[in-house]
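Peer 1: sequence first, then the predicted structure, then my questions.
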Amino acid sequence: MKRCFGSKEGQELYAKYHDEEWGVPVHDDLILFEFLILEGAQAGLNWFTILQRREGYREAFKNFDPVRVADMSDEELELLRHNEKIIRNKLKIYSARTNARVFLDIQKEFGSFDAFLWTFVGNKPIVNQYKSLEEVPVNTEISDRLSKELKRRGMKFVGSTIMYAYMQAIGMVDDHLIDCWKRKL
């Protein structure tokens, strides 16, 4: 089975993510929040590292409930700096609370984070036709605009490259290569 990534031995978790999640449109605010936190944690690292710690993140960040994360105390966040199940970067840990608060503000303003987010692609996934991963961009004009807007609202770890990876993860962009089995469905 030809995949864009995750076909090497020992990458079963990566393959499962590719086959079941990557590029699949998401409209559930809780899942959108989960990927927002995970993509921010991934900054400077590889996605496989984050996938391996996903359960640790679920435990640490209260099953990605934005209301509960927004209410986390400084003491709770400091304790997470010793949690080996997640990336223990202080700025990334504290950004989860900051981003949860902004996320909730966006929900109030737009009715849902989903309603806000998907307007950036006209409420329809962008389906690209790349032949190799080398062709896939790391950011686009749309990820630039999304990043700028989230930063303006106060979010952290939402640079354009992170936002493009986020857009791929939640299916706003489908970058499955043209010879990938997912493209052939």
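Peer 2: Yep, that arrived.
Peer 1: which residue packs closest to Pro66, ignoring adjacent ones?
Peer 2: Ala100 (4.4 Å; C-beta to C-beta, 6 or more residues apart in numbering). Just so you know, the C-beta spots here come from the backbone N, C-alpha and C atoms, and that holds for glycine as well.
Peer 1: mind listing what's buried along the helix or strand hosting that neighbour?
Peer 2: Taking DSSP states H and E as the definition, Ala100 sits inside helix 90-110. Across helix 90-110, burial judged by 16 or more other C-beta atoms under 10 Å covers 92-104, 106-107.
Peer 1: again, but for stretch 73-87
Peer 2: For stretch 73-87, burial by neighbour count (16+ other C-beta under 10 Å) applies to Leu77, Leu80, Ile86, Ile87.
Peer 1: okay, the residues you listed in CSV with secondary structure next?
Peer 2: CSV is the format used below for the buried residues of stretch 73-87 (DSSP: H, G, I helix; E, B strand; the rest coil):
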residue, secondary structure
Leu77, helix
Leu80, helix
Ile86, coil
Ile87, coil
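Peer 1: if we can go back for a sec, what about the residue nearest to Pro66, distance to Lys156?
Peer 2: Distance, Ala100 to Lys156, using C-beta to C-beta, to the nearest Å: 11 Å.
Peer 1: and if you look at Tyr130?
Peer 2: 30 Å.
Peer 1: pull the distance from the host helix or strand of Ala15 to the chain's centre.
Peer 2: Per DSSP H and E, Ala15 falls inside helix 12-20. A distance of 15 Å separates the centroid of the chain from that of helix 12-20, by C-alpha atoms, centre = their mean, to the nearest Å.
Peer 1: beyond it, next helix or strand please.
Peer 2: helix 29-42.
Peer 1: one step back: packing partners for the helix or strand following the helix holding Ala100?
Peer 2: The helix or strand immediately downstream of helix 90-110 is helix 113-117, counting by DSSP H and E. In this structure, helix 113-117 packs against helix 29-42, helix 90-110, with contacts taken as 3 or more C-beta pairs under 8 Å, 6 or more residues apart in numbering; DSSP states H and E.
Peer 1: what angle do helix 29-42 and the longest one make with each other?
Peer 2: Between the direction of helix 90-110 and that of helix 29-42, the angle (axes from the mean of the first three to the mean of the last three C-alpha atoms, to 10 degrees) works out to 150 degrees.
Peer 1: can you list contacts of helix 90-110?
Peer 2: The contact list for helix 90-110, computed with C-beta atoms under 8 Å, 6 or more residues apart in numbering, reads 29, 33, 36-37, 40-41, 43, 61, 66-67, 69-70, 72, 77, 80-81, 86, 113, 116, 150, 153-158.
Peer 1: just for this structure, where's the confidence low?
Peer 2: Confidence mapping of the chain against pLDDT under 70 gives the ranges 184-185.
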